[in-house]
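Undergrad: Coordinates only, no sequence provided:
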Ligand SMILES: Cc1ncc(COP(=O)(O)OP(=O)(O)O)c(N)n1
Ligand SMILES: Cc1ncsc1CCOP(=O)(O)O
Ligand SMILES: [Mg+2]
């Protein structure tokens, strides 16, 4: 499917917000933008001087023209100033969701919803928004004032977030991102909280001062839309959007005598612009009562190198011994779905072999046995992270490698200060049923650049042919299963992988 995003919003003559900001954002992120103009506003850096909604005929026709041959993957809605437009749009969205081959994901940034009088919109519009539009919305992105107006809930403490979101979900929204731009739960921290009623995410960044903020809401919602059009999961899209906004605020500037606007500077790559993922066991995590028990802690024993090299992942002690004899220095024992007593001896033997060959031997999944027998390290997946006793593993001095599958997970994993972060799966793989799509090389390069201080391992569908391109992404290691276990001559394959990895990566971070 294509990457088309529609913005349904107002034109901002100063170009810092509205349609103009939305289209710049889509373009910057690589999505294809189309626009439906709901209203024309005359404004400059100091004031909004006139707002005129387009005719119902023009509003309807723009929607119809696009629906005819450019249906959207994601629809982002901003300023709606006319009650009739809200009614038309709600009806059309319902139709698109029922009739299009791919249901569009609909994001609504409730721009003109204000408790202090609807400056830019017709009287009575909030009621129609609540009853007719919200049930068509997959993601609502209100600030604290808009939460109050739409849900009746005032955000007065961390505890008040969940009931407010629950109310909005009851009103029909699929999920809600409460933006912290105008509200401080914690001093000097810009906190965004997202929930769909089942999962919760909180992201923080230091509050930026001396920046120009016109267009922040439009840009954030459009960046989420753009990232979702590129098939990022919602949690990754939220991270990308917050980083994009922080980058834009950093480079914001004034063109007139008043407030200036957020800048549009391409895909975010500076790690300083990326948000911190709020861990449940942190002061903000407690305030929001986030589920889970992840805690930053002092971190894990580092590996002796950033470049772990070729990293075979195998399911038997026989393979471990065979590959260690061939000179492999990083290796994993990955035995699936057995009881501890069925694998304990193999784990003991593998650890002994690892020590004998001075290799970095990681045990997948069986972290208690790895600790008991003092393995070099353990490798854990996302689900294991929530149940394993990470403090115990760290205290026992074991290294840890963590699986990740996108921006959100890798940033969260990074906060635990692991010994390495695995990035997968890069290509389609026959070895494991993966619930997500392959990441591909473009994303891998972005992740590796962001993790320049943490050793990285690429995994999933990597063979000799693909290895040079993977290596050029700037990772420190390549993990493989079948490239070695199915090879006619594993020694030759190891040598060839080592040859690829001995070349310096030309990837520029
Ligand atoms: C180096 C490396 N990276 C990723 C994985 C996958 O681990 P996990 O997500 O725990 O899945 P299983 O391997 O347990 O199926 C790995 N094993 N090694
Ligand atoms: C265990 C695992 N985790 C992510 S992909 C994968 C399997 C990698 O195997 P292969 O190298 O054969 O694709
Ligand atoms: Mg595992």
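TA: Cool, the structure landed. What you see is a predicted model; the values in this text were computed from it and never measured. Ligands and ions are numbered 1, 2, ... in the order given.

Undergrad: pull the longest strand from the chain.
TA: strand 32-43 (DSSP state E).

Undergrad: Next SSE downstream of that strand?
TA: For strand 32-43, the succeeding helix or strand toward the C-terminus, using DSSP states H and E, is strand 48-53.

Undergrad: Which element, helix or strand, includes the residue nearest the centre of the chain?
TA: Residue closest to the average C-alpha location in the chain (Cα atoms, centre = their mean): residue 236, at 1.2 Å. Assigned by DSSP H and E, residue 236 belongs to helix 234-250.

Undergrad: Which positions within that helix qualify as buried?
TA: For helix 234-250, burial by neighbour count (16 or more other Cβ atoms under 10 Å) applies to 234-249. For every residue, glycine as well, the C-beta is placed using N, CA and C.

Undergrad: just checking, what packs against the helix or strand following it?
TA: Remark: after helix 234-250, the chain's next helix or strand is strand 276-277, criterion DSSP H and E. Contact here means 3 or more Cβ pairs under 8 Å, 6 or more residues apart in numbering; DSSP states H and E; on that basis strand 276-277 packs against strand 200-206, helix 407-415.

Undergrad: sorry, back to before: in the longest strand of the chain, what counts as buried?
TA: Buried-residue list, strand 32-43, by 16+ other Cβ under 10 Å: 32-41, 43.

Undergrad: Tell me the one among the residues you listed nearest to ligand 2.
TA: residue 32 (30.9 Å; Cβ to the nearest ligand atom).

Undergrad: Identify the residue nearest whatever residue of the stretch 351-500 of the chain ends up closest to ligand 1 in space, chain neighbours excluded?
TA: The minimum distance from the stretch 351-500 of the chain to ligand 1, using Cβ to the nearest ligand atom, falls at residue 381 (2.5 Å). Leaving aside its chain neighbours, residue 381 sits nearest to residue 403 (4.5 Å; criterion: Cβ to Cβ, 6 or more residues apart in numbering).

Undergrad: Does the one you found fall in a helix, a strand, or a coil region?
TA: strand (DSSP: H, G, I helix; E, B strand; the rest coil).

Undergrad: sorry, back to before: number of nearby residues for the residue of the stretch 351-500 of the chain closest to ligand 1?
TA: By the measure other Cβ atoms under 10 Å, the count of residues near residue 381 is 17.

Undergrad: what's the answer for residue 286, then?
TA: 12.

Undergrad: Going toward the C-terminus from the helix or strand that contains residue 9, what's the next helix or strand?
TA: Using DSSP H and E, residue 9 falls within strand 4-12. Following strand 4-12 in sequence order, the next helix or strand is helix 18-29 (DSSP H and E).

Undergrad: Can you pull the residues of the chain lying near ligand 2?
TA: For the chain, the residues in contact with ligand 2 (Cβ under 6 Å from any ligand atom) are 313, 424-425, 429, 431-432, 459-462, 480-483.

Undergrad: For my notes, please list those in JSON lines and give secondary structure and pLDDT for each entry.
TA: What follows is those, written out as JSON lines (DSSP: H, G, I helix; E, B strand; the rest coil; pLDDT from 0 to 100):
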{"residue": "313", "secondary structure": "strand", "pLDDT": "98"}
{"residue": "424", "secondary structure": "coil", "pLDDT": "94"}
{"residue": "425", "secondary structure": "coil", "pLDDT": "96"}
{"residue": "429", "secondary structure": "coil", "pLDDT": "97"}
{"residue": "431", "secondary structure": "coil", "pLDDT": "95"}
{"residue": "432", "secondary structure": "coil", "pLDDT": "95"}
{"residue": "459", "secondary structure": "strand", "pLDDT": "98"}
{"residue": "460", "secondary structure": "coil", "pLDDT": "98"}
{"residue": "461", "secondary structure": "coil", "pLDDT": "98"}
{"residue": "462", "secondary structure": "coil", "pLDDT": "98"}
{"residue": "480", "secondary structure": "strand", "pLDDT": "98"}
{"residue": "481", "secondary structure": "coil", "pLDDT": "98"}
{"residue": "482", "secondary structure": "helix", "pLDDT": "98"}
{"residue": "483", "secondary structure": "helix", "pLDDT": "98"}
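
Undergrad: Alright, calling it a day.
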